[in-house]
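Enquirer: Structure of the sequence below:
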Amino acid sequence: MDTLDPARTALVLVHMVKGVAGEVDTPFNRIFRPRAKKTGIIGVQARLLDGFRTGKTKSNAKVVYTAVTYQLGYPGVTRNSRLFRTLIDNGPSLLLEGTLAVEVIDDLAPRPGEPVVRGQGANGFDRTELDSILRQAGVDTLVLVGIATDVAVESTARAACDLGYRTIVVSDACTADSDEAHSRSLDVVRAWFGEIATADEVLSALGGERIDSGKSVEVTRTAV
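Expert: So this is what the prediction gives:
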C-alpha cells in the first residue's frame with residue numbers, strides 16, 4: 001500500500017471497551033470476547049498502537065478511541081433494531097456512562113492526550129466530536145480497528161468515506177461474530193468504501209515495525 005503520512009493519519013480503535021471486548025459481563029462481551037481471543041486481535045491492535053505512538057520513525061501519529069456509551073434510561077435509543085433491543089432488554093445498567101463496562105480494556109488503554117469519543121450509535125461519527133477532533137489535528141486518513149467488523153467498524157468506515165477521509169480497515173485487527181460475517185464486511189468495504197490492509201502493511205507504510213505473529217497473519221489471509 002502507499003506510504004502513510006504520520007502527521008495526517010489516525011488509528012481509530014472502535015468499541016474496544018470492557019463490556020464488549022473485556023471481562024465485564026454483557027450480552028456483547030459473551031459474543032465478542034471469545035472472538036477477540038480466538039483471532040488474536042488485541043495483540044495485533046497493541047502492536048499497531050505502539051507503531052502509531054512511537055515506532056522506528058518516532059511517528060507520533062494520532063490515536064483516537066470510540067466507546068459506545070449510554071445514559072441511564074437510554075434516552076434517545078429506540079427498539080428499531082436488534083442491536084438496540086438487546087441493549088434495552090438487558091438494561092437498565094448495560095454499557096452506562098461512568099461504569100467499568102465502557103472503559104477501554106487495559107491492554108489498549110489510552111495515554112494522556114488520546115481522545116475517547118463516546119456515542120450511542122454504531123457509527124462513531126454520529127452525534128459525536130470525532131470529525132472535529134480529526135480535522136483539527138489535520139488528519140485525512142483513518143486506520144480502523146475494533147469490534148465488530150460488520151457493525152461499528154463498517155458503519156464508521158462508511159461514514160468516514162462519506163466525510164472524505166481515506167479509509168483503511170485493518171483485516172487482522174477486527175473481528176465479527178463469525179469468520180463469514182467478518183469476511184463479508186471486508187468485501188463490502190473493499191468494494192465500495194475504502195481499503196483493506198493487514199497490520200503488517202499498515203505499519204510498513206507508516207514506517208513502523210512489522211508484526212511477527214504468524215497466527216494473526218494467517219487468520220487475515222484466510223478471512224479476506
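Enquirer: and the closest residue in space to Val151 that isn't next to it in sequence, what does it touch?
Expert: Nearest residue to Val151, sequence neighbours excluded (CB to CB, 6 or more residues apart in numbering): Ala122, at 5.3 Å. Backbone N, C-alpha and C define where each C-beta goes, glycine included. Residues in contact with Ala122 (CB atoms under 8 Å, 6 or more residues apart in numbering) are Leu83, Val151, Ala152, Ser155, Thr156.
Enquirer: who wins for neighbours among those?
Expert: The most crowded member of the contacts of Ala122 is Thr156, carrying 26 neighbours; neighbours defined as other CB atoms under 10 Å.
Enquirer: Regarding the nearest residue to that one once chain neighbours are set aside, what is its secondary structure?
Expert: Spatially, and ignoring its direct neighbours in sequence, Thr156 is nearest to Gly124 (4.2 Å; CB to CB, 6+ apart). Following DSSP: H, G, I helix; E, B strand; the rest coil, Gly124 is assigned to coil.
Enquirer: tell me, how many neighbours does Gly124 end up with?
Expert: Count around Gly124 with other CB under 10 Å applied: 30.
Enquirer: Please identify the one among the contacts of Ala122 that lies nearest to Val170.
Expert: Nearest to Val170 out of these is Thr156 (CB to CB; 12.7 Å).
Enquirer: ok, and for the helix or strand containing Leu83, which residues are buried?
Expert: Assigned by DSSP states H and E, Leu83 belongs to helix 82-89. Residues of helix 82-89 classed as buried by neighbour count (16 or more other CB atoms under 10 Å): Leu83, Phe84, Leu87, Ile88.
Enquirer: Spell out the residue ranges of the strands in this protein.
Expert: Using DSSP state E, the strands of the chain run over 9-14, 62-68, 116-119, 141-147, 166-175, 195-197.
Enquirer: want to throw those strands into CSV with mean pLDDT, distance to Leu108 and mean neighbour count?
Expert: Shown next, in CSV, are the strands of the chain (pLDDT from 0 to 100; distance: least, CB to CB, whole Å; neighbours: other CB atoms under 10 Å):
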stretch, mean pLDDT, distance to Leu108, mean neighbour count
strand 9-14, 98, 6, 26
strand 62-68, 97, 8, 24
strand 116-119, 98, 11, 18
strand 141-147, 98, 9, 27
strand 166-175, 98, 11, 27
strand 195-197, 98, 19, 20
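Enquirer: on that earlier part again, quick check: angle from the helix holding Leu83 to strand 62-68?
Expert: Counting by axes from the mean of the first three to the mean of the last three CA atoms, to 10 degrees, helix 82-89 lies at 60 degrees to strand 62-68.
Enquirer: Mind giving me the packing neighbours of helix 82-89?
Expert: Using 3 or more CB pairs under 8 Å, 6 or more residues apart in numbering; DSSP states H and E as the contact criterion, no secondary-structure element is in contact with helix 82-89.
Enquirer: Now do it: distance to the chain's middle.
Expert: How far helix 82-89 lies from its chain's middle: 21 Å, per CA atoms, centre = their mean, to the nearest Å.
Enquirer: just for this protein, where's the confidence low?
Expert: For the chain, the stretches with pLDDT under 70 are 55-60, 208-224.
Enquirer: quick one: contacts for the residue lying farthest from the centre of the chain?
Expert: Using CA atoms, centre = their mean, the residue of the chain lying farthest from its centre is Gly73. It sits 25.9 Å away. Counting by CB under 8 Å, 6+ apart, Gly73 touches Pro92.
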